[in-house]
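>>> sequence first, then the predicted structure, then my questions.
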Amino acid sequence: MPLKKGDFIEIEFTGKLKDGDIFDSNIKEDLAKLNPKAETKPFVFSLGSDMFLKSIEDFLIGKETGPYNIELTADKAFGKRNPQLIQKMPIKIFHEQKLNPVLGAAFNFDGKIGKVLTVSGGRVMVDFNSPLAGRDVVYKVIVKKKVTNLAEQVKALNEFLFRKDLKFEIKDKNLVLHIEKAIKPFAEAFKLKYKEILDLDLKVEEIEGEKKSLATLPKSQSKEEVPKKTPKTSQ
């Protein structure tokens, strides 16, 4: 049956630039070209829920399982370069953190990655555009199957939102997440998301755990302006 909006699907994919350079993949032989030590794992997401590149999701709605080759221009992929995302910052912001803003270095500004373009006269020019902005790309996508098991769907959405595997229980139409106290408010902010995608009412139960900084939000959730706070070295 044709895929429809809201279906959870499992895919294998590789994203390449027009010149053939791979920038993302969960296919073993392609991922090895990016990181020989990285382990592949299935990617499961809900179509039309902004869990993958929107143009890819739109393309797959109405299609069947199987392989597809999808070419995207920059405006349909990661957007055109935005001059407003190139910002000038005082070099003292970096020096206060004992960081050296050399040409090409990347730093994390509260979840936004900025790349140093120039350093001159006590000022640092930082580019917050995606490294793929302005680039045409090609995706090889293999739709393996629909994922109909509710627990697998919950696991996929948890990993998308929190970048980690969480313990949970499904009780009737309620989803109970067991989560650290430090990120409870963050989790509760997604109640509507769980309701829209899974038709489950989210409840959060605290567990003991170390307080950790939140992971960077997924693209679909990160819409705030570029922060101008303390830079950290990018991992």
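Structure's in. What do you need?

>>> show me where the chain has its strands.
With DSSP state E applied, the chain shows strands at 8-17, 22-25, 43-46, 66-72, 86-90, 106-109, 112-120, 123-127, 137-146, 167-171, 174-180, 201-207, 231-233, listed in chain order.

>>> can you spell out which helices and strands pack onto the second one?
Read it as strand 22-25. When contacts are defined as 3 or more C-beta pairs under 8 Å, 6 or more residues apart in numbering; DSSP states H and E, strand 22-25 sits against strand 8-17, helix 28-34. Every C-beta, even on glycine, is put in place using the N, C-alpha and C of the backbone.

>>> what residues sit buried inside the first one?
Neighbour-count burial for strand 8-17, with 16 or more other C-beta atoms under 10 Å as criterion, is recorded at 8-16.

>>> make CSV from the residues you listed and add pLDDT to it.
Formatted as CSV, these follow (pLDDT from 0 to 100):
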residue, pLDDT
Phe8, 98
Ile9, 98
Glu10, 98
Ile11, 98
Glu12, 98
Phe13, 98
Thr14, 98
Gly15, 98
Lys16, 97
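
>>> and the longest helix for the chain?
In the chain, with assignment by DSSP state H, the single longest helix is helix 150-162.

>>> could you give the average pLDDT over it?
Helix 150-162 carries an average pLDDT of 96.

>>> quick check: buried residues in it?
By 16+ other C-beta under 10 Å, the buried positions in helix 150-162 come out as 153-162.

>>> low pLDDT regions in this structure?
Counting by pLDDT under 70, the ranges of the chain that qualify are 209-235.

>>> quick one on the thing from earlier: with respect to Glu180, which of the helices and strands packed on strand 22-25 lies nearest?
With C-beta to C-beta as the measure, strand 8-17 is the member of the helices and strands packed on strand 22-25 nearest Glu180 (26.2 Å).

>>> and the closest one, how far out from the chain's middle?
Computed by C-alpha atoms, centre = their mean, to the nearest Å, the chain-centroid distance of strand 8-17 equals 13 Å.

>>> so what strands line up beside that strand?
Note on strand 8-17: by DSSP bridges, its sheet partners are strand 22-25 (antiparallel), strand 43-46 (antiparallel), strand 137-146 (antiparallel).

>>> most tightly packed of those strands?
Neighbour counts (mean count of other C-beta atoms under 10 Å) averaged over each of the strands paired with strand 8-17 peak at strand 43-46, with a mean of 21.

>>> list the contacts of that strand.
Strand 43-46 has contacts (C-beta atoms under 8 Å, 6 or more residues apart in numbering) with 6-13, 26, 51-52, 147, 152-153, 155-157, 160, 197.

>>> how far away is the closest residue to Asp201 other than its chain neighbours from Glu39?
Of all residues not flanking Asp201 in the chain, Asn174 sits nearest, at 5.0 Å (C-beta to C-beta, 6 or more residues apart in numbering). Counting by C-beta to C-beta, to the nearest Å, the gap from Asn174 to Glu39 is 33 Å.

>>> who's more crowded, these two?
Asn174 (11 against 8; other C-beta atoms under 10 Å).

>>> looking at it, the more buried one is touching Asp199, isn't it?
No: contact between Asn174 and Asp199 fails when scored by C-beta atoms under 8 Å: they sit 11.0 Å apart.
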